[in-house]
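[1] Following is a predicted model, sequence given first.
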Amino acid sequence: MKLCFLVEENYRYDGMPVEVIRQLAAWGHQVDVLRPGGSLLRMTDLVTAGSHDAWVLKTVSGGPGLTLLEAASAAGLVTVNDARAIRGVRDKALAAAIGRSRGLPIPPTYAAATPELLAQTPESEYPLVVKPANGSSGRAVHLVAAPEGLAALGPELRGEGMLIAQPYQPNPGVDIKVYCVAGDFYATERRSPLHPDRPHPERRVPVPREVAAVAAQVGAVYGLDLYGLDVLLTPDGPVVVDVNDFPSFRQVPDAAARVAAAVLDLARTHRPSPAWCTPPSAPATAVAVP
Ligand SMILES: Nc1ncnc2c1ncn2[C@@H]1O[C@H](COP(=O)(O)OP(=O)(O)O)[C@@H](O)[C@H]1O
Ligand SMILES: [Mg+2]
């Protein structure tokens, strides 16, 4: 097969996706590598129909790769993940709206264009978790016990773009991080950045049945094939607080070979549109905005 990998600058030397590229080449496939953050791009000629069997992107939040992947998708090429699916999760505010409207267990989510607007969040929603809508790796994620605590966050959050706030979901202090590779699920337990006091090295754990069901639903709703989700086990069941397209797959055994095999498989298959791209069968329930 002939594949084009978009490698963002952050991942130039990273095991994921570099080892996947190496594995595909070792299997005899042609892999062209494009660095969207490291070259001038002649957009009008870059993507031509039929040039590759698929374009592949491991996204970085805010990185330029998604524009190219969307161009490839517009030219009719297969993309891994589906470019629209990545859009649906890259912005946590959009991801929350889509997920809740499709019945995923996601906390009620408020979006605010400036830190000051967060002050309008109803008091009944505290304690609050505040985070940037395009955040990653725990950056600028804060637990705010009461409205008075918001003011101190202003300087850090200004410049982070759209912010989101959610009621804190009670949990044991560890996330279940689920990794999904074309239908197979793997899980690790990792300390939540909101509970730094909990000593907890990341370790593999079996995927609880109810978590696997939620993970499968996440794939279908957003239309993702290679993805990860952060799940909190609350007294009311699993709650999804984050969805990532093409995560690190850290702790997944033989991750490079598994992901490479999945990419080949996905390049060959025609997949349906992400569920969220078609209107829901039942009218969406109105969301009460305070
Ligand atoms: N609503 C919430 N309730 C409780 N903990 C949360 C909530 N949202 C996020 N967290 C904790 O903060 C961590 C980081 O938030 P997340 O949305 O995953 O952002 P990032 O993109 O930075 O990983 C999560 O893994 C989880 O431990
Ligand atoms: Mg996360």
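    On my side now, so go ahead. Ligands and ions are numbered 1, 2, ... in the order given.

[2] Could you pull up the residues touching the closest residue to ligand 2 within the stretch 151-290 of the chain?
    Proximity of the stretch 151-290 of the chain to ligand 2 (Cβ to the ion) peaks at D242, 3.5 Å away. Placement of C-beta: from N, CA and C, glycine included. With contact set as Cβ atoms under 8 Å, 6 or more residues apart in numbering, D242 has these partners: 92, 229-230.

[3] From the residues you listed, pick the one nearest ligand 1.
    Taking Cβ to the nearest ligand atom as the measure, ligand 1 lies nearest D230 of the contacts of D242, at 4.2 Å.

[4] looking at this, the closest one is in a strand?
    Yes. Counting by DSSP: H, G, I helix; E, B strand; the rest coil, D230 is located in a strand.

[5] Now it: closest residue in space that isn't a chain neighbour?
    Of all residues not flanking D230 in the chain, D242 sits nearest, at 4.0 Å (Cβ to Cβ, 6 or more residues apart in numbering).

[6] The one you found and V60, how far apart?
    15 Å (Cβ to Cβ, to the nearest Å).

[7] what does the stretch 151-290 of the chain put close to ligand 2?
    Neighbours of ligand 2 within the stretch 151-290 of the chain, by Cβ under 5 Å from the ion: 230, 242.

[8] Okay, strands next: where are they in the stretch 151-290 of the chain?
    Along the stretch 151-290 of the chain, counting by DSSP state E, counting those that start in this stretch, strands occupy 163-167, 174-181, 184-191, 203-205, 226-234, 237-245.

[9] Throw these into JSON lines and include mean pLDDT, thanks.
    Converted to JSON lines, the strands of the stretch 151-290 of the chain look like this (pLDDT from 0 to 100):
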{"stretch": "strand 163-167", "mean pLDDT": "98"}
{"stretch": "strand 174-181", "mean pLDDT": "97"}
{"stretch": "strand 184-191", "mean pLDDT": "96"}
{"stretch": "strand 203-205", "mean pLDDT": "95"}
{"stretch": "strand 226-234", "mean pLDDT": "98"}
{"stretch": "strand 237-245", "mean pLDDT": "98"}
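
[10] Let me see the contact set for I21.
    Contacts of I21 (Cβ under 8 Å, 6+ apart): 5, 7, 31, 33.

[11] ugh, typo on my part, it should be V141
    With Cβ under 8 Å, 6+ apart as the criterion, the residues that contact V141 are 129-131, 135, 193-194.

[12] Over to A212?
    Neighbours of A212 in contact, by Cβ under 8 Å, 6+ apart: 178, 185.

[13] Please list the residues of the protein that sit near ligand 1.
    Applying Cβ under 6 Å from any ligand atom, we find that the chain lies next to ligand 1 at 107, 129, 131, 135-139, 141, 166, 168-169, 171, 175, 192-194, 230, 232, 241-242.

[14] Would you list the buried entries among these?
    Buried by 16 or more other Cβ atoms under 10 Å: 107, 129, 131, 135-136, 141, 166, 168-169, 171, 175, 192, 194, 230, 232, 241-242, out of the residues of the chain next to ligand 1.

[15] Can you give me the end-to-end span of stretch 44-59?
    Distance between the two ends of stretch 44-59: 22 Å, counting by Cα to Cα, to the nearest Å.

[16] Buried residues, that stretch. List them.
    For stretch 44-59, by 16+ other Cβ under 10 Å, it's 47, 52-59.

[17] And for P279, the neighbour number?
    Close neighbours of P279, defined as other Cβ atoms under 10 Å, add up to 8.

[18] which residues touch it?
    Per Cβ under 8 Å, 6+ apart, neighbours of P279: none.

[19] Please report how far it lies from ligand 1.
    Remark: distance between P279 and ligand 1 (Cβ to the nearest ligand atom, to the nearest Å) = 27 Å.

[20] And E160, how far from S248?
    Applying Cβ to Cβ to E160 and S248 gives a distance of 22 Å.

[21] nope, E210 is what I was after
    With Cβ to Cβ as the criterion, E210 and S248 are 24 Å apart.
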